[in-house]
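Chemist: No sequence on hand, only this structure:
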C-alpha cells in the first residue's frame, strides 16, 4: 500500500460531525439515508497542520484587526505557492485576501465591469462568474466548447468590438479540463492584443491530477485578474478564505481602495488567513495524498458509471474532483433525473441546469467525488442498482 | 479589590503579540515608542471561553461549507442576546451572519438605497455609514446634534419628502451618547409614519457603561435594519463577524438572496461564528469585567485630560470605549494636533477629520481607551507633559 493511500487512511471522516457541519446541499442538509455527492467540498478531514496552526494561534488570545489587504504572511504564502506550483512569479503586493473565492469573483466583476459591458463567459461553467457579471450589469456572450474543449477559435467567435472582459474557469468546473501553458499564453495574448481584460477563476488550480502542469493566468506577460481559494484543494470552504491576484501592485492597491478593503468593508478573517497560510506552507503531504485519492476516485467512478445505459463520459478529467456526466442518452431531463436518483437510489447529485452551469449543461449531472472510497462505492452501487428504475419510461 | 478588577488583572495583554497582530493604525503599524489610542479595538486578550471554543471546534477537523445565512447556533445566540440585553424579541430567522459589521453596513446600504435617494446621516458620526451610502449613490443629508445630543427636532429638520433612509449610530460613535428606550420608540415611529426605513448601526451596543439600559431599533414595533458585531464588546475584530438583523424573516430571506448569501458570494467564516457564539453564550463574566474596566478608563482619562488648557469634554460617555475630545480651544486644527501629539508625546490618536467622522467633528480628536490602566496612564502622562509644547504657537 502506497504512502499516499496511507495518508488518506488516517484521515477517516467523522460523519457525525459532517452531519452537523456540512451545509450547501451536503450532509447537514440531506435526509439521513441519502448520500450527497453535491457541492464541491471534500468529506475528508483537513490537514492536521491546519488545525494545529489554528490552535497555536489562539493560544495567544489576541484577535485584533488584521491589515486591510491581508496578513503579510498570507500574501507571501499565496505568492510563493503560485511561484512554486502555478508557473507564476507573483509579488505579494499583488495578492489581496478575500472572504472566499466566490466573494473575490463578485468584487472583481464589480471592479472591472460597467453596466452594458459585454463579458465572455464559458458555457457550460460554474454559475458564479456569470452571476457576478450579471449583478455588475454585464451583457453576457457565450464561449462554447468544441469537442469538449474551449479553444481560441471558440473564443474568437464569442468576442465582439464591445467585449470588455473574458472570463475563464481554469481548471474548468465542471468539465475538469486543463489548458496547457501554451493555451494560457495564447488566450492571454489574444485578450491583450485587443485591450480586453481577463478574469481567471482558478479556485480549482490546487486540484490538478496525474502530475499535469498548471500555468496560471497570473503568470502571463499580460496577467489577468486571478481568483484563488482554499476551499477545493485544502477543504477549507467553511473558513471562506480566498484571494484576488491583481495584474500588478498598483492595480491591487486601487482595487483595495475602491472595493472597500481600506475602509474595513471588505476583508478576510485573520484566523482563516492563518489556516490558509499553514495549509500552503505545511500541508503538501496532505494534499499529495488527497490528489492521489481524488484520481483514484475519479477512475473508479468513470469505470462504473460508464457502463450504465444512456451514460456518456467523454473524457477523463485532468483536474477537479467533480465528474460531469452526459445523460442525454437517457432522454430524460436533468432535473427529473436528479429527482429520481435521490428518490430511488438515495444519492443526491447536482443537475446540469442553466442556473448552475449555463445552457450548455443541459442533460448532464455533476457528481463530487471527494469522499471516501467506501462512501463512493456505496453511492455508485446504489445508482447502478436503481438505474433501470431511474431510467424507465 | 472587586471581582471585576480581578478578571481584568488576569487578562494582561501580550504586547509582543499585539505588535505582530494589531493592525488598522494600532500596535503593528506604529513606531516602537508610540502608544496607539486609535482604532477602536481592545488591547485586552479575548475571553478564554472564546479561544477554548475555537480549539475544541477544530479538534474535529471538518471545516465544511456553512449555511448561507449563518450557523443555526449563531443565529439563535444573536437572537437570544438581543432579547436578553437589548430589549428586542428577535426571531433567529431575522439574523444573517456577515463578514463583519462594516460589511453588513455596506450590504444593507446597497440593499436599501437606490441612486439619488436621500439618506439622513448623523454628523459627526463614524464614517462607515456615510461611506456606504455614498457608494450606493445616496444624497446625504446631515442630522446635527443640539447641545451634544441628537434630538427628534434635529432629525425632523434633516428629513425631506425625498428621504428614503434614516441612519443612526446607537450607541453613538464617537460621542458615546445613548438614547433612552423612549427616544428609540419615538425615532422609529417618526420614520414609520413617513414610510422611511431606519438603518441602525448598533456595533457598540455591547459596550454600554454604568448599567444603563439599551433599547435596540430591532425591537421597536416598526423595526429598522440593525447592524451588530462582536469587534467592540468581545474584541473579535480580526474574526470579522457581525450580523444583519432584518425587520422580519421575509426581509431577511430576500436580503440573503439579493445580496449574494444564497450564492456563497457573501457569508461569514464558520469558525468566526463559532467564536461569536461562545462569546455570546459563555463570556458574560469576561464582558462584565471588561465594561467595568472601560468605565474606569473613561473616568481616568476625563479627569486628567479635562485639566489641560484648551481641552473640553462636554459629557461623560454613557457607552463605547472611545473619548471624543473637543480641542477647538487650542486654536489648532485637528490634523496638526494629531501630528504634534504623535511627534512630541509619542501617542497616536484619531483626528476628528471629515473623512472619519463628518464635518461636525472638526477640532476634535478621538481616543480609544480599551487598553490597560498602565498603558493609558503612560499615554496620559506623555500628553500632559508635552501639552505646552503641543499647543504652543
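Modeler: It's in. For clarity, every value in this text was computed on a predicted model and none was experimentally measured. Residues are numbered from 1 along each chain as shown, chains lettered A, B, ... in the order given.

Chemist: near chain B, which residues of the stretch 151-300 of chain A show up?
Modeler: The interface of the stretch 151-300 of chain A toward chain B, taken as Cβ under 8 Å from any Cβ of the partner chain, is made up of A:231, A:235-241, A:260, A:263-272, A:275. No exception for glycine: its C-beta is placed from N, CA and C like everyone else's.

Chemist: switch the cut-off to 6 Å
Modeler: A:236-240, A:263-265, A:267, A:269-272 (Cβ under 6 Å from any Cβ of the partner chain).

Chemist: could I get these as TSV with pLDDT, neighbour count and secondary structure?
Modeler: Shown next, in TSV, are those (pLDDT from 0 to 100; neighbours: other Cβ atoms under 10 Å in any protein chain shown; DSSP: H, G, I helix; E, B strand; the rest coil):
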residue	pLDDT	neighbour count	secondary structure
A:236	98	27	coil
A:237	98	28	helix
A:238	98	30	helix
A:239	98	31	helix
A:240	98	31	coil
A:263	95	18	coil
A:264	96	23	coil
A:265	97	22	coil
A:267	98	29	coil
A:269	98	28	coil
A:270	98	26	helix
A:271	98	26	helix
A:272	98	30	helix
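
Chemist: Just put those in TSV and tack on distance to residue B:105.
Modeler: Shown next, in TSV, are those (distance: Cβ to Cβ, whole Å):
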residue	distance to residue B:105
A:236	27
A:237	26
A:238	24
A:239	23
A:240	19
A:263	10
A:264	10
A:265	7
A:267	13
A:269	18
A:270	20
A:271	22
A:272	21
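
Chemist: nearest to residue B:367, of the residues you listed?
Modeler: Checking those against residue B:367 with Cβ to Cβ, the nearest one is residue A:264 at 19.1 Å.

Chemist: Okay, buried residues for the longest helix seen in chain A please.
Modeler: Identified as the longest helix of chain A according to DSSP state H is helix A:284-305. Judged by neighbour count using 16 or more other Cβ atoms under 10 Å in any protein chain shown, the buried positions of helix A:284-305 are A:286-287, A:289-298, A:301-302, A:304-305.

Chemist: what's that helix packed up against?
Modeler: helix A:3-10 (3 or more Cβ pairs under 6 Å, 6 or more residues apart in numbering or on different chains; DSSP states H and E).

Chemist: switch to 10 Å and redo it
Modeler: Packing partners of helix A:284-305 (3 or more Cβ pairs under 10 Å, 6 or more residues apart in numbering or on different chains; DSSP states H and E): helix A:3-10, helix A:48-59, helix A:72-85, helix A:270-282, strand A:322-326, strand A:364-368, helix A:373-390.

Chemist: So which of these is nearest residue A:130?
Modeler: Going by Cβ to Cβ, the one of the helices and strands packed on helix A:284-305 nearest residue A:130 is strand A:364-368, 15.9 Å.

Chemist: Run me through the strand neighbours of the closest one, direction for each.
Modeler: In the sheet, strand A:364-368 lines up against strand A:322-326 (antiparallel), strand A:350-351 (antiparallel) (DSSP bridges).

Chemist: got CSV for the ones you listed, with mean neighbour count too?
Modeler: Listed next are those as CSV, based on neighbours: other Cβ atoms under 10 Å in any protein chain shown:
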stretch, mean neighbour count
strand A:322-326, 23
strand A:350-351, 24
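
Chemist: now those strands as CSV including mean pLDDT?
Modeler: Formatted as CSV, these follow (pLDDT from 0 to 100):
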stretch, mean pLDDT
strand A:322-326, 97
strand A:350-351, 96
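
Chemist: out of the ones you listed, which comes closest to residue A:150?
Modeler: Residue A:150 sits nearest to strand A:322-326 of all those, at 13.6 Å, using Cβ to Cβ.

Chemist: between the closest one and helix A:284-305, how many degrees?
Modeler: Orientation check (axes from the mean of the first three to the mean of the last three Cα atoms, to 10 degrees): strand A:322-326 against helix A:284-305 gives 20 degrees.

Chemist: Spatially nearest residue to residue A:99, not counting backbone neighbours?
Modeler: Among residues not flanking residue A:99 along the chain, residue B:99 sits closest, at 4.5 Å (Cβ to Cβ, 6 or more residues apart in numbering or on different chains).

Chemist: Contact partners for that neighbour?
Modeler: Residues near residue B:99 by Cβ atoms under 10 Å, 6 or more residues apart in numbering or on different chains: A:98-100, A:103, A:240, A:265-269, B:106-107, B:239-242, B:266-269, B:272.

Chemist: Equivalent analysis for residue A:74, please.
Modeler: A:66-67, A:92, A:95-97, A:241, A:243, A:268, A:270, A:272-277, A:280.

Chemist: Excluding sequence neighbours, find me the nearest residue to it.
Modeler: Per Cβ to Cβ, 6+ apart, closest to residue A:74 is residue A:273, 4.1 Å.

Chemist: what about that neighbour, how many residues close to it?
Modeler: Look at residue A:273: counted by other Cβ atoms under 10 Å in any protein chain shown, it has 27 neighbours.

Chemist: State the pLDDT value of it.
Modeler: On the pLDDT scale, residue A:273 is placed at 98.

Chemist: how about residue A:168, secondary structure?
Modeler: Of the three states, residue A:168 takes strand under DSSP: H, G, I helix; E, B strand; the rest coil.

Chemist: if we can go back for a sec, would you convert the strands paired with strand A:364-368 into CSV that also reports distance to residue A:154?
Modeler: Shown next, in CSV, are the strands paired with strand A:364-368 (distance: least, Cβ to Cβ, whole Å):
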stretch, distance to residue A:154
strand A:322-326, 18
strand A:350-351, 24
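
Chemist: Cheers, nothing more for now.
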